[in-house]
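**Q** Take a look and give me a structure for this.
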Amino acid sequence: MKSCIGILLLCLSLSACRLSSLGRLPISESSGLWIDSSGSFYTHNDGGNPALLYVLDQKGHLQRSINILAPNVDWEALSTDSAFIYLADMGNNLNQRKDLCIYFFPKSALDQKEIQPQKISFYYPEQIAFPAAPWQRHFDAEALFAQGDSLYIVTKNRHRPHDGWHYLYALGKEAGPQAARLCDSVQLKRGGLWQSVTAAAYREEEQSLYLLSMRHLYRFSFERGRFGPLEQRIALPLRQQEALCFGPDAELYLTTERSILSGAKLWRLRPKALKRLQE
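**A** Model prediction:
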């Protein structure tokens with residue numbers, strides 16, 4: 001009886017926020033997501049899995065895969081600009097990696113079976129110990145977005161105790177080694193990893209930055225590498241939300257990873273819900 005009530009409440013919550021499931025995914029943890037102008041989705045698994053970019057249809061069905069000729073240590077995010085795709089190998093759960101990088105390649109290469117990417121290697125100048133001290137563990141990251149001539153990283157809070165602070169770093173788009181530049185910080189809800197940022201999407205038309213956690217979707221104004229005011233915070237009735245992107249239709253898409261109750265799924269959140277729902 002309790003499970004039936006739980007399923008009913010979930011269905012009502014999904015309907016209320018105009019969140020709809022498009023289908024199950026062929027991978028267990030979709031850590032990055034992008035949709036092209038034709039409606040095809042591109043996604044990837046996280047660390048320890050094959051170095052593949054998966055091409056999916058609108059229902060999450062696998063169409064083909066592309067071999068990326070680079071190791072998948074811990075791929076955590078996809079982002080794009082007008083010409084390139086950026087694939088972030090920056091998962092750093094233990095805050096001890098010294099090989100953080102972002103791979104990138106032209107969108108025109110997506111029709112190939114294999115892609116040899118270029119590489120941006122980077123480090124955080126503020127990290128002086130590997131691993132970082134428990135109260136300084138914000139050098140893990142799962143959120144990447146492109147804006148102007150920069151790539152931006154929003155780090156994941158693994159502080160003990162958890163204090164909700166997330167840090168914004170910037171990189172140039174040129175290949176080679178770089179020091180990530182600390183630009184800003186923002187404090188979100190406290191509550192451990194469930195409240196830590198897992199994805200980001202920037203919408204140029206609004207100059208708005210959307211941050212996803214396992215519990216909420218946040219919208220900030222964003223300009224010149226700085227967080228503006230928090231404009232919206234939406235509680236989402238899902239768990240293990242991992243990736244986020246805007247489609248050409250201005251609708252927001254996200255993924256959830258596989259759980260003991262369900263497979264990994266692709267979801268759509270309609271724009272009207274973003275305007276109407278606010279805590």
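**Q** Check whether residue 134 really touches residue 163, as I assumed.
**A** No - taking contacts as C-beta atoms under 8 Å, residue 134 lies outside contact range of residue 163: 11.6 Å. Yep, even glycine has a C-beta here, placed from its N, CA and C like the rest.
**Q** residues touching residue 79, list them.
**A** Applying C-beta atoms under 8 Å, 6 or more residues apart in numbering to residue 79 gives the contacts 32, 34, 85, 86, 88, 144, 145, 146, 151.
**Q** can we see that at 10 Å?
**A** 32-34, 85-88, 102, 104, 143-147, 151-153, 199-202, 245 (C-beta atoms under 10 Å, 6 or more residues apart in numbering).
**Q** for this protein, what spans make up the helices?
**A** In the chain, the helices defined using DSSP state H lie at 2-16, 271-276.
**Q** Could you tell me the least trusted of the ones you listed?
**A** Ranked by mean pLDDT, the helices of the chain bottom out at helix 2-16, with a mean of 40.
**Q** Tell me, how many residues neighbour the residue lying closest to residue 27 once chain neighbours are set aside?
**A** Nearest residue to residue 27, sequence neighbours excluded (C-beta to C-beta, 6 or more residues apart in numbering): residue 45, at 4.8 Å. Applying other C-beta atoms under 10 Å, we find 23 residues neighbouring residue 45.
**Q** What's the local residue count around the residue nearest to residue 58 when sequence neighbours are not counted?
**A** Closest residue to residue 58 apart from its sequence neighbours, by C-beta to C-beta, 6+ apart: residue 39 at 5.6 Å. By other C-beta under 10 Å, 12 other residues sit near residue 39.
**Q** Make sure residue 39 is actually in contact with residue 248.
**A** Yes - the pair residue 39 / residue 248 is scored as a contact, 7.8 Å apart, by C-beta atoms under 10 Å.
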